[in-house]
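Student: next come a sequence and a model predicted from it.
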Amino acid sequence: MAGWWDQEDFYGPLKIYEELEKRDAQGRNFFVAGPWNHGGWTRDGSKLGKIAFGDDTGRYFGRRSRPFFAWFLKDKGPFVAAEAWTFQTGSNV
């Protein structure tokens, strides 16, 4: 999971994904990037400074990530997702 404006370490999540992907025979490696700074997905993600995104992207991600955590942490429910889930800046999609 990464934030496009992570002031701590944006390179880390990309490199981790790249390295894990080489050994991901079961298709369990996923990548998420949103319009956040470090840890921003856990807070109000409707804007970053003066840049507004049109919706609370942190809450949006939180709601849609529940099936992932239920499946991998609690063995509950179905889980089907795209391998990469990213926010396209500028279009707010």
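Tutor: Cool, the structure landed.

Student: what sits against the most centrally placed residue in the chain?
Tutor: Nearest to the geometric centre of the chain sits residue 32, at 2.8 Å (CA atoms, centre = their mean). Residues near residue 32 by CB atoms under 8 Å, 6 or more residues apart in numbering: 1, 2, 41, 61, 65, 84, 85, 86. C-betas here are computed from N, CA, C, even on glycine.

Student: also residue 62?
Tutor: By CB under 8 Å, 6+ apart, the neighbours of residue 62 are 41, 42.

Student: and the furthest pair within the contacts of residue 32?
Tutor: Using CB to CB, the contacts of residue 32 span at most 15.2 Å, a distance reached by 41 and 84.

Student: look at the two and report which has more neighbours.
Tutor: Shown here are residue 41 and residue 84; by other CB atoms under 10 Å, residue 41 has more neighbours (22 against 11).
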